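*Asks:* structure for the following, please:
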Amino acid sequence: MQEAQLNRVFAALADPTRRAILARLSHGEATVNEIAEPIPMSLPSVSKHLKVLEGAGLISRGRDAQWRPCRLEPKAFKAVDHWLERYRRHWEESFDKMEAYLGALRKGKRDDGKR
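*Replies:* Next up is the predicted model:
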């Protein structure tokens with residue numbers, strides 16, 4: 001994923017309203033009106049949030065006669081997950097080392113009873 005695209009994705013994810021929209025779309029396609037219903041803001045404001053999500057590649061909007069469903073775009077999430085994977089591996093390895101170190105400390109404490 002290119003850095004500019006990654007920046008757009010993280011900027012889009014930074015907003016709680018946009019995260020709520022993504023959570024709604026994780027249950028299936030929805031129209032703008034269906035998405036806007038539980039959100040306490042105007043329809044044009046919700047549409048602006050949808051444009052940001054669409055610009056980041058996180059959602060797409062289709063057209064079926066008068067119905068314009070919004071849906072999640074898994075490819076964008078997969079690219080972010082791939083980017084995060086190297087950091088996940090680093091932290092898991094660090095936690096494993098810490099666990100081994102703490103285990104050694106506990107073992108040493110049990111062996112001589114002084115620590």
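*Asks:* mind listing the strands for the chain?
*Replies:* Residue ranges of the strands in the chain, as given by DSSP state E, are 59-61, 70-72.
*Asks:* quick one: contacts for the most centrally placed residue in the chain?
*Replies:* Centroid-nearest residue in the chain, with C-alpha atoms, centre = their mean: residue 13, separated by 6.4 Å. When contacts are counted by C-beta atoms under 8 Å, 6 or more residues apart in numbering, residue 13 touches 19, 22, 56, 58. All C-beta spots, glycine's among them, are computed from the backbone N, C-alpha and C.
*Asks:* re the thing from before, out of the strands of the chain, which gets nearest to residue 45?
*Replies:* When these are compared by C-beta to C-beta, strand 70-72 sits nearest residue 45, at 15.3 Å.
*Asks:* so which bits of that closest one are buried?
*Replies:* 70, 72 (16 or more other C-beta atoms under 10 Å).
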